[in-house]
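Novice: I would like the atomic coordinates for the input below:
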Amino acid sequence: ALQGGRIVQVGQVGKGKALREISAAGAVVTPGFIDTHSHSDLMALADPALLPKLMQGVTTELLGQDGIGAAPMRKEYIAPWRQYLSGLSGDPSISWDWESLGQYAERLSARPTGPNLALLVPQGNVRMVMLGLENVPADIFMTQAMEEEVRRSMEEGAVGISLGMIYTPCTFSRREELIQLLQVCGKMGGFWAVHIRSGSDFLLESIEEVIGMAKEAEIPLHISHFKAAGKRNWHKMEAALEAVDRAHRGGLDITFDIYPYTAGSTMFLAILPPWAQEGGAPKTLERLRDPALRAKIRDQFINPPPPEPGGPSWENYVNNAGWENIVISSVEGKKNQGWVGRSVAEIAGGEGKDPAEMAFDILVEENGRVGMILFSMDEEKMRMGLRHPLGMVCTDGLLGGRPHPRVYGTFPRILGRYVREKRDLSLEEAIRKMTSLPARRLGLKDRGVLAEGMAADLVVFNPNTIADRATYDNPRQYPLGIRQVIVNGILSVEGGQHTGKLGGRVLKR
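Specialist: Modelled structure (predicted):
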């Protein structure tokens, strides 16, 4: 029984007492699904229903991922930051009229959303506010100012801090700087979500690095979109999961999230080495217009320089995946929409160009506003990660262009393919990974389980028919088998259709 946005009774509820009764005959009733890695930061303002998530049963999303989000912000960096983020979060026609995380949360709260929204404070934004987008060290005064910005963002409701160790300007941060910011967050009850330095050639070293940092900073650790990428690295998945187990046995509060696909997705600018991205997207595009610098980047794709100890890190996607496995998922201009859904190798072949030169041309022509999908993982190793008890579920969904099918299909795909068909997980274990485990990670004490007094976030689905329909060729398809989705007591999906009613709100720590 639901009343006032809460569960008021579980069990035998007297017949006829409710204004409305919903039959769940033959269905499963669960807490609402929690997407622990989302990129709806800007689309939540432009299109607050967020139907790709709501229609698959997601009732809470976690924004501010990978150290690069919407807030905090400084007005002079809005233009280059919008340009940089466009390949990741899109660039909808909204006014950026906030600076602090609290002001951004107020904008999100101005009208109801489909799912609830929780916020991380992105470390890259914190650094940008104080030091811009350049590769410069932070002195003691700047570090103290960044600590204060993290403290303020946590007080304004953030549930933790995020870091993307391959993204600008996060990659310019030194370990000591990061430890101090993590300590502030940890002392305030937050956790650390991290896109590690490498999910491929240096996967094991990268996991050990963040485990060591989390222990030193005394903060719970959450590794984002866990994977072993690149065929030569697939065999590392077992050792990567053992590293997580070893840290857990040693007393570290550690978790991770994973999506049920063998391709990833991010901004196309991420193919470039850090030095080429220094200073923001406009400076990057200037470098790409220089033939000598193009040649240097092209050479580094093939012969990557050895990592500098303590220096910027580079996940060499081209070397790991190959141009034939890097697919353009979104462009801004109408002229080049024919590139969407095609690999860089295929586009280059049609143009009679070298793939690297084609990639540079794509970035220049589209002002860097390009998204990509990368096919680099192994199905069996991914399933191994899905089964791990410390793992939870995320979409990591980019909403623009022809998106990755995970935006529309992640949660039903697990329940249909990996629970019902493959039997990798029991239904109960899958639901735990989608509900109570992430609720605990986010510190949402009134969500994630069905019990009296808890928030009324619920999903009703048919376990025999639930399935994802989204594909790489046709990703914008809602799933089958979701009967009802209720958010804070508001019936938002009924009979697999959106009711037009939204119940989501910003959830603060």
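Novice: Please look at Ala24 and Leu458 and confirm they touch.
Specialist: No. Using C-beta atoms under 8 Å, Ala24 is not in contact with Leu458, being 9.6 Å away. Yep, even glycine has a C-beta here, placed from its N, CA and C like the rest.
Novice: if you count what's nearby, which of the two comes out ahead?
Specialist: Leu458 (23 against 13; other C-beta atoms under 10 Å).
Novice: Just the residues contacting stretch 423-432, thanks.
Specialist: 28, 30-31, 383, 386-387, 389, 414-415, 418-419, 433, 463 (C-beta atoms under 8 Å, 6 or more residues apart in numbering).
Novice: could you redo the last one with a cut-off of 6 Å?
Specialist: Thr30, Arg383, Leu386, Arg387, Ile414, Tyr418, Val419 (C-beta atoms under 6 Å, 6 or more residues apart in numbering).
Novice: Taking those residues, tell me the two that lie furthest apart.
Specialist: Thr30 and Arg383 (21.7 Å; C-beta to C-beta).
Novice: of these two, who's got more company?
Specialist: A count of neighbours by other C-beta under 10 Å puts Thr30 above the other of Thr30 and Arg383, at 23 against 17.
Novice: name the helices or strands packed onto the helix or strand containing the more buried one?
Specialist: Secondary structure from DSSP states H and E places Thr30 in strand 28-31. On a contact count with 3 or more C-beta pairs under 6 Å, 6 or more residues apart in numbering; DSSP states H and E, strand 28-31 meets strand 458-461.
Novice: Show me what the strand it packs on is packed against.
Specialist: strand 28-31, strand 482-487.
Novice: For stretch 51-62, list every residue counted as buried.
Specialist: Pro52, Lys53, Leu54, Met55, Gln56, Gly57, Val58, Thr59, Thr60, Glu61, Leu62 (16 or more other C-beta atoms under 10 Å).
Novice: ends of that stretch, how far apart?
Specialist: 16 Å (C-alpha to C-alpha, to the nearest Å).
Novice: again, but for stretch 481-490
Specialist: Using C-alpha to C-alpha, first and last residues of stretch 481-490 are 19 Å apart.
Novice: Please compute how far it lies from its chain's middle.
Specialist: 23 Å (C-alpha atoms, centre = their mean, to the nearest Å).
Novice: and for that stretch, what are the contacting residues?
Specialist: Against stretch 481-490 from outside (C-beta under 6 Å, 6+ apart): 2, 5, 27, 57, 59, 456-462, 465-466, 492-494, 496, 501, 503-504.
Novice: Need the buried ones from the residues you listed selected in ChimeraX.
Specialist: Those of those that count as buried under 16+ other C-beta under 10 Å are selected in ChimeraX with:
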select :2,27,57,59,456,457,458,459,460,461,462,465,466,492,493,496,503,504
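Novice: now Pro306: how far from Lys231?
Specialist: 22 Å (C-beta to C-beta, to the nearest Å).
Novice: in the stretch 201-350 of the chain, which spans are helices?
Specialist: Ranges of helices in the stretch 201-350 of the chain, per DSSP state H, counting those that start in this stretch, are 203-217, 237-249, 274-277, 281-288, 291-302, 317-321, 344-351.
Novice: ignore the last one, the stretch 401-509 of the chain
Specialist: Going by DSSP H, counting those that start in this stretch, the stretch 401-509 of the chain shows helices at 406-413, 427-434, 436-442.
Novice: One more: the stretch 51-200 of the chain?
Specialist: Going by DSSP H, counting those that start in this stretch, the stretch 51-200 of the chain shows helices at 51-54, 78-89, 101-109, 123-131, 140-155, 175-187.
Novice: Show me the contact partners of the last one.
Specialist: In this case it means helix 175-187. Against helix 175-187 from outside (C-beta under 6 Å, 6+ apart): Ala138, Thr143, Met146, Glu147, Val150, Arg151, Ile161, Trp192, Glu216, Ala217, Glu218, Ile219.
Novice: from the chain's centre, how far out does that helix sit?
Specialist: That offset, for helix 175-187, works out to 21 Å (C-alpha atoms, centre = their mean).
Novice: Extract the C-alpha trace of that helix and format it as PDB.
Specialist: Output of helix 175-187 as PDB, limited to C-alpha atoms (Å, rounded to 0.1, in the frame of the first residue of the first chain):
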ATOM      1  CA  ARG A 175      48.200  12.000  -6.600                       C
ATOM      2  CA  GLU A 176      48.700  14.300  -3.500                       C
ATOM      3  CA  GLU A 177      46.100  16.800  -4.800                       C
ATOM      4  CA  LEU A 178      43.600  14.000  -5.300                       C
ATOM      5  CA  ILE A 179      44.200  12.400  -1.900                       C
ATOM      6  CA  GLN A 180      43.400  15.600  -0.100                       C
ATOM      7  CA  LEU A 181      40.100  16.100  -2.000                       C
ATOM      8  CA  LEU A 182      39.100  12.400  -1.400                       C
ATOM      9  CA  GLN A 183      39.800  12.800   2.300                       C
ATOM     10  CA  VAL A 184      37.400  15.800   2.500                       C
ATOM     11  CA  CYS A 185      34.700  13.800   0.800                       C
ATOM     12  CA  GLY A 186      35.300  10.700   2.900                       C
ATOM     13  CA  LYS A 187      35.100  12.600   6.100                       C
END
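Novice: Buried residues in it, which are they?
Specialist: So, applying 16+ other C-beta under 10 Å, buried residues of helix 175-187: Glu177, Leu178, Ile179, Gln180, Leu181, Leu182, Gln183, Val184, Cys185, Gly186.
Novice: same thing with the longest one?
Specialist: Buried residues in helix 140-155, counted by 16+ other C-beta under 10 Å: Thr143, Met146, Glu147, Glu149, Val150, Arg151, Arg152, Ser153, Met154.
Novice: Next: stretch 475-493.
Specialist: In stretch 475-493, counting by 16+ other C-beta under 10 Å, buried: 475, 478-479, 481-493.
Novice: Then stretch 97-107?
Specialist: In stretch 97-107, counting by 16+ other C-beta under 10 Å, buried: Trp98, Ser100, Leu101, Gly102, Tyr104, Ala105, Arg107.
Novice: For the helices of the stretch 51-200 of the chain, give me a markdown table that also has mean pLDDT.
Specialist: Output for the helices of the stretch 51-200 of the chain, formatted as a markdown table (pLDDT from 0 to 100):
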| stretch | mean pLDDT |
| --- | --- |
| helix 51-54 | 98 |
| helix 78-89 | 95 |
| helix 101-109 | 98 |
| helix 123-131 | 98 |
| helix 140-155 | 98 |
| helix 175-187 | 98 |
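Novice: Just put these in JSON lines and tack on distance to Gly310.
Specialist: Below are those laid out as JSON lines (distance: least, C-beta to C-beta, whole Å):
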{"stretch": "helix 51-54", "distance to Gly310": "38"}
{"stretch": "helix 78-89", "distance to Gly310": "24"}
{"stretch": "helix 101-109", "distance to Gly310": "28"}
{"stretch": "helix 123-131", "distance to Gly310": "16"}
{"stretch": "helix 140-155", "distance to Gly310": "15"}
{"stretch": "helix 175-187", "distance to Gly310": "7"}
